[in-house]
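> what's the 3D shape of this:
(2 chains)
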Amino acid sequence: MAEEKLPTRSEDFAEWYNQIVLKAEMADYAPVRGCMVVRPYGWTLWENIQAALDRRFKETGHVNAAFPLFIPMSFLEKEKEHVEGFSPELAVVTIGGGEKLEEPLIVRPTSETIIGYMYSKWIQSYRDLPVLINQWGNVVRWELRTKLFLRTLEFYWQEGHTAHATEEEAREETLRMLGVYADFAIHEAAVPVIQGVKSQTEKFAGAVMSTTIEAMMGDTRALQSGTSHYLGQNFARAFDIQFLDRNNTLQHCYTTSWGLSTRFIGAIIMTHGDDQGLILPPRLAPIQVVIVPIFKAEAETAAVLETVARIQSELKAAGIRVKVDDRTEVTPGFKYNDWEMRGVPLRMEVGPKDIEKQSVALARRDIPGREGKSFVPQTGLAATVTDMLADIQKSLLDRATAFRDSHIHQPKDYAELIEVVSNGWAYAWWCESAECEARIKEETKASSRCIPLDQDEGHGRCIVCGKDAKRKGYFAKAY
RNA sequence: CGGGGCGUGGCUCAGCCCGGUUAGAGCGCUGCGUUCGGGACGCAGAGGUCGGCGGUUCAAUUCCGCCCGCCCCGACCA
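All right, here's what the predicted structure looks like:
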């Protein structure tokens, strides 16, 4: 059961986050260091995320499949950058069935290699292309510093892997899926994101180009919330993914990969939550409306519960995810706080006065206190609730966007950049050299987040070295 | 992996410095009763190998060593 108070976000954002995850019963610590248990409330949220993404994947022509958890160690070694990037964080299986294995197996940290191996078997001709496969699964990366949802040894995600006949097509796919992520983040999760390209130092191990959606959390730190990579022919060469083109010439494929993980749950929590707890976007919330029945005397109980049951089935029939909190051992006031902490977007109170007036009380989670409370007639309630949920969804996005935009600054010089990244993002001309990027990171702890796709025309002078810069980039402290 | 903090009923912690009868508190949990439109209350209960191993001692939750785990801050990452 919930304790009464959370630390406020301003006094201790990290602790606020930890407690919210635990108290809202999203996840819990597992007995293995760095591992988490995703509890039913958190997993239902993930299932809703999955459904929203999966629908988009199917709409863009992708199909799902499942590849093995174990990958031969030698596979990873076939792509130089890939193995360098991942070897420090691999879990390796050396014993199976009591016998020492001839070749160690790694627990997949990502599946480019084993999927590449399979693609080389499956692809012969340009007629076989493109191959557009996604898989939902779990992966393991042996991280040193972990945090629930944001970075755990094992996490759940989807990884799309596609193979194409041309560079152009593969680059298009990379950006198409980045767009899918952005659309999902903005329209389902109400998390405003910036689409951009990762710097060479920040890109995925083995990619030619990595793209990202970057979101701003409530403490202004940035969170990479999804990534899409153009892999060029790197993995095709490593795994001999080849095809005969129309001219009977043998060519290597161009491949992409893209992923979004349970980390996104962390993004939702840290984007929308307030000092009362979680606020979940209606479109993804496991429970959209919680009904709290209220009765003083026993004589009122039956009438209230009857009305509540009727309303519940009306809302259900309208496709609204609704829960009735009929616990008798806690007071209504306790329930209000409890469900607010769990982020349910809309609360409905039904009591004796409502029976009399044929009304109900509605309280919006995004507007605390009196202001967010309204009394509406029971007739047409499903429509009223549906509209209000849509309005909450919109107001969450508007609020998060306004917050983000008010914390993005365009520093005029390096001194000002140092200042702004202490509580926000810097958007500045950058020569794109690793040296300038490294200097910013060393001196401010802020890393380059991305070079946004959406760029102003023209050019300027690099905020660090003053050399000519063609594009602007975002710099921020990040998770 | 470096620095810091912490491990005592389910949770948060006191006790330990200065070793000594049956180890406490608040919250939570169970039962009964009164409550119920913004975190209710009374009464009666249940619940502990004091993180683990080893050492010192007549005696260790308390002193010493090692180990394990968690949290926070730094180097790496979705």
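> the helices in the stretch 351-479 of chain A, which residues?
A:352-357, A:381-406, A:414-420, A:434-444 (DSSP state H, counting those that start in this stretch).
> apologies, that question was intended for chain A.
A:13-23, A:40-59, A:73-76, A:80-86, A:112-122, A:167-187, A:234-239, A:263-272, A:298-317, A:332-341, A:352-357, A:381-406, A:414-420, A:434-444 (DSSP state H).
> redo those helices as JSON lines? Include mean pLDDT.
Putting the helices of chain A into JSON lines (pLDDT from 0 to 100) gives the following:
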{"stretch": "helix A:13-23", "mean pLDDT": "86"}
{"stretch": "helix A:40-59", "mean pLDDT": "97"}
{"stretch": "helix A:73-76", "mean pLDDT": "94"}
{"stretch": "helix A:80-86", "mean pLDDT": "90"}
{"stretch": "helix A:112-122", "mean pLDDT": "97"}
{"stretch": "helix A:167-187", "mean pLDDT": "98"}
{"stretch": "helix A:234-239", "mean pLDDT": "97"}
{"stretch": "helix A:263-272", "mean pLDDT": "95"}
{"stretch": "helix A:298-317", "mean pLDDT": "93"}
{"stretch": "helix A:332-341", "mean pLDDT": "94"}
{"stretch": "helix A:352-357", "mean pLDDT": "94"}
{"stretch": "helix A:381-406", "mean pLDDT": "98"}
{"stretch": "helix A:414-420", "mean pLDDT": "93"}
{"stretch": "helix A:434-444", "mean pLDDT": "90"}
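> need these in JSON lines (columns: distance to RNA strand B).
C-betas here are computed from N, CA, C, even on glycine. Output for those, formatted as JSON lines (distance: least, Cβ to the nearest atom of the strand, whole Å):
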{"stretch": "helix A:13-23", "distance to RNA strand B": "4"}
{"stretch": "helix A:40-59", "distance to RNA strand B": "12"}
{"stretch": "helix A:73-76", "distance to RNA strand B": "15"}
{"stretch": "helix A:80-86", "distance to RNA strand B": "6"}
{"stretch": "helix A:112-122", "distance to RNA strand B": "12"}
{"stretch": "helix A:167-187", "distance to RNA strand B": "10"}
{"stretch": "helix A:234-239", "distance to RNA strand B": "15"}
{"stretch": "helix A:263-272", "distance to RNA strand B": "4"}
{"stretch": "helix A:298-317", "distance to RNA strand B": "7"}
{"stretch": "helix A:332-341", "distance to RNA strand B": "3"}
{"stretch": "helix A:352-357", "distance to RNA strand B": "3"}
{"stretch": "helix A:381-406", "distance to RNA strand B": "13"}
{"stretch": "helix A:414-420", "distance to RNA strand B": "15"}
{"stretch": "helix A:434-444", "distance to RNA strand B": "7"}
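> from the ones you listed, which stretch is densest packed?
Highest mean neighbour count among those (mean count of other Cβ atoms under 10 Å): helix A:263-272, with a mean of 25.
> nearest to residue A:9, out of the helices of the stretch 351-479 of chain A?
helix A:381-406 (11.9 Å; Cβ to Cβ).
> tell me what the closest one is packed against?
strand A:209-216, helix A:263-272, helix A:298-317, strand A:346-350, strand A:359-364 (3 or more Cβ pairs under 8 Å, 6 or more residues apart in numbering; DSSP states H and E).
> how about the most centrally placed residue in chain A: what's its closest non-neighbour residue?
With distances taken as Cα atoms, centre = their mean, residue A:264 lies nearest the centre of chain A, 1.9 Å away. Distances taken as Cβ to Cβ, 6 or more residues apart in numbering place residue A:225 nearest to residue A:264, at 5.6 Å, with adjacent residues excluded.
> same question, residue A:164
Nearest one to residue A:164, counting by Cβ to Cβ, 6+ apart, is residue A:170 at 4.2 Å.
> thought that neighbour was touching residue A:230?
Yes: if you go by Cβ atoms under 8 Å, residue A:170 and residue A:230 touch, sitting 6.0 Å apart.
> mutual contacts of the two, please.
By Cβ atoms under 8 Å, 6 or more residues apart in numbering, residue A:170 and residue A:230 have these common neighbours: A:254, A:256.
> show me which residues of the stretch 101-250 of chain A sit near RNA strand B.
Neighbours of RNA strand B within the stretch 101-250 of chain A, by Cβ under 7 Å from any atom of the strand: A:141, A:143-148, A:150-153, A:155, A:157, A:202, A:204-205, A:212, A:224-227.
> of those residues, buried ones?
A:141, A:143, A:146-148, A:150-153, A:155, A:157, A:202, A:204-205, A:212, A:224-227 (16 or more other Cβ atoms under 10 Å).
> circling back: the residue nearest to residue A:264 contacts residue A:191, correct?
Yes: contact criterion Cβ under 8 Å: residue A:225 and residue A:191 qualify, at 6.9 Å.
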